[in-house]
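K.L.:
Need a 3D model of the following:
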Amino acid sequence: MTKTGKKVPGKKSTTRTRSSAFDLPIAPVMRIAKNSGAERISLDGTRAIVAKTETYIASVARGAADAAASEGRKTIRAEDIQKF
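P.N.:
Numbers count the residues shown, from 1 in each chain. Next up is the predicted model:
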C-alpha cells in the first residue's frame, strides 16, 4: 500500500515466510520433498530441511572458496566443489 492507504495496481505484497537468514525459499523445498516420496510434510518439517540444506550449502561453499583461494582465485569453479 502507498502512504495514502491505497493499493498500487500490479504491486506484489512483500510478506514472505522464510526459515532463516539465508532466505532459501520454502515452497521449492516442499516440492522436492514431495517429489522424493514424502506424502505430506509440515511447515516445521520443511523448515528443518531448509536449515540442514543451508548448513550443507554453506559448508560446501566455504570449502570451495578455500580451494579457489589456495590457487590464487576469488571465483569458485566446479572443480573447486569437486575437490571439497
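K.L.:
residues near Ile49, how many?
P.N.:
Residues lying near Ile49 (other CB atoms under 10 Å) number 19. No exception for glycine: its C-beta is placed from N, CA and C like everyone else's.
K.L.:
does it belong to a helix or a strand, and which?
P.N.:
helix 43-70 (DSSP states H and E).
K.L.:
got the buried residues for that helix?
P.N.:
Residues 46-47, 49-50, 53-54, 64-65, 67-68 are the ones in helix 43-70 that count as buried (16 or more other CB atoms under 10 Å).
K.L.:
Likewise for stretch 72-83?
P.N.:
76, 80.
K.L.:
just checking, what packs against the very next helix or strand once past the helix holding Ile49?
P.N.:
Remark: after helix 43-70, the chain's next helix or strand is helix 78-83, criterion DSSP H and E. Using 3 or more CB pairs under 8 Å, 6 or more residues apart in numbering; DSSP states H and E as the contact test, the elements touching helix 78-83 are helix 43-70.
K.L.:
which other helices and strands contact the helix it packs on?
P.N.:
Under the contact criterion of 3+ CB pairs under 8 Å, 6+ apart, helix 43-70 touches helix 26-35, helix 78-83.
K.L.:
what comes into contact with the shortest one?
P.N.:
I take that to be helix 78-83. 60, 63-65, 67-68 (CB atoms under 8 Å, 6 or more residues apart in numbering).
K.L.:
which of the residues you listed sit farthest apart?
P.N.:
Farthest pair in the contacts of helix 78-83 (CB to CB) is Val60 and Ala68. Separation: 12.4 Å.
K.L.:
Much appreciated, bye for now.
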